[in-house]
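In: Following is a predicted model, sequence given first.
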Amino acid sequence: MELGLEGKVALVSGASAGLGRAVAAGLAREGARVVMSGRDQARLEVAAEAVREESGGEVLAIPADSTRPDELAYFVGAAVRAWGTVHILVNNVGGARRAAFLELDEAAWTEGLALNLRSAMHCARLALPHMIRQQWGRIINLAALSGREPPAGQMASNVPKAGLLAFSKTLSLEVARWNVLVNCICPGRVWSGQIERAFTPEQAAAFAAQRIPLGRFGRPEEVASLAVFLASERAGYVTGTCITVDGGLARSLS
């Protein structure tokens, strides 16, 4: 299937590993020019070089802390300086902190909001003028299943993730007239460094067997394939939606 991504300029945040790296690689394989960001410059450079080798594509590595608006401005500006515009923005930063509501102080709320919601808002604000000017754009926000089905004890990430879903839906209504499409992806349990730190192999196998109908955790590439499709010409009538990729873990109807 021809996705129409050749020459498109794509930004992918949180791209040093896991989902972000897989999305960057998928876009580059389709011919997009990709700008990857991450906080750790050394890890980011290694990931970017791997994506270049896998795809043969044009890839830039721009270190940036997504909780810092000035660094996000440099990240988006790097794409514009290199290739003149931005067509695609994939926001892929976030994190979960386990704590009950009464255990959270103001700093924890500030951190959770900055990482899981405001980072995407800042990037969208920077990228949108370019998309509007060219009458074509794609914004894809990687949220989490917890934004739709919040578990107890993760208030500081559940609330911003739910906010990210509402932000995405509202923004999609505001920018549709310029052919800018905004969608969310809510991954379930997908292998990542965070998952590896949270589960032993035995715990992961037991969780998957008991809770996930497909009986396994997802792979980053399986989520990335959807992100690449949503970024493409083929998804030209898809906006304002949130798609769950979780092997059947979610129990809700929507």
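Out: Yes, it's here.

In: Tell me the confidence at residue 254?
Out: Taken from the predicted model, the pLDDT recorded for residue 254 is 68.

In: can you give me the helices in the protein?
Out: 18-29, 41-55, 69-83, 106-113, 119-134, 155-175, 193-198, 201-211, 220-230 (DSSP state H).

In: the inter-axis angle of the longest one versus helix 106-113?
Out: Going by axes from the mean of the first three to the mean of the last three C-alpha atoms, to 10 degrees, helix 155-175 is angled at 40 degrees with respect to helix 106-113.

In: Okay, buried residues for helix 155-175 please.
Out: Burial within helix 155-175, assessed by neighbour count using 16 or more other C-beta atoms under 10 Å, is assigned to 155-165, 167-169, 171-172, 175. Bear in mind the C-beta positions are built from the backbone N, C-alpha and C, glycine included.

In: pLDDT (mean, whole number) over it?
Out: For helix 155-175, the per-residue pLDDT averages 96.

In: for that helix, packing partners?
Out: Counting contacts by 3 or more C-beta pairs under 8 Å, 6 or more residues apart in numbering; DSSP states H and E, helix 155-175 packs against helix 106-113, helix 119-134, strand 137-142, strand 180-187, strand 242-245.

In: okay, the closest residue to residue 77 other than its chain neighbours: pLDDT?
Out: In space, residue 77 comes closest to residue 126 once its chain neighbours are excluded; the distance is 7.9 Å by C-beta to C-beta, 6 or more residues apart in numbering. The predicted structure scores residue 126 at 98 on the pLDDT scale.

In: burial measure for residue 126, as a count.
Out: Neighbour count for residue 126, taken as other C-beta atoms under 10 Å: 21.

In: what do you get for residue 199?
Out: Neighbours of residue 199 under the rule other C-beta under 10 Å: 17.

In: Identify the residues contacting it.
Out: The contact partners of residue 199, taken as C-beta atoms under 8 Å, 6 or more residues apart in numbering, are residue 207.

In: Packed most tightly, which of the helices and strands packed on helix 155-175 would that be?
Out: Neighbour counts averaged per stretch over those are highest for strand 137-142, at a mean of 27; criterion: mean count of other C-beta atoms under 10 Å.

In: one step back: dump the residue contacts of the residue nearest to residue 77.
Out: Contacts for residue 126 (C-beta under 8 Å, 6+ apart) come out as 72, 73, 76, 77.
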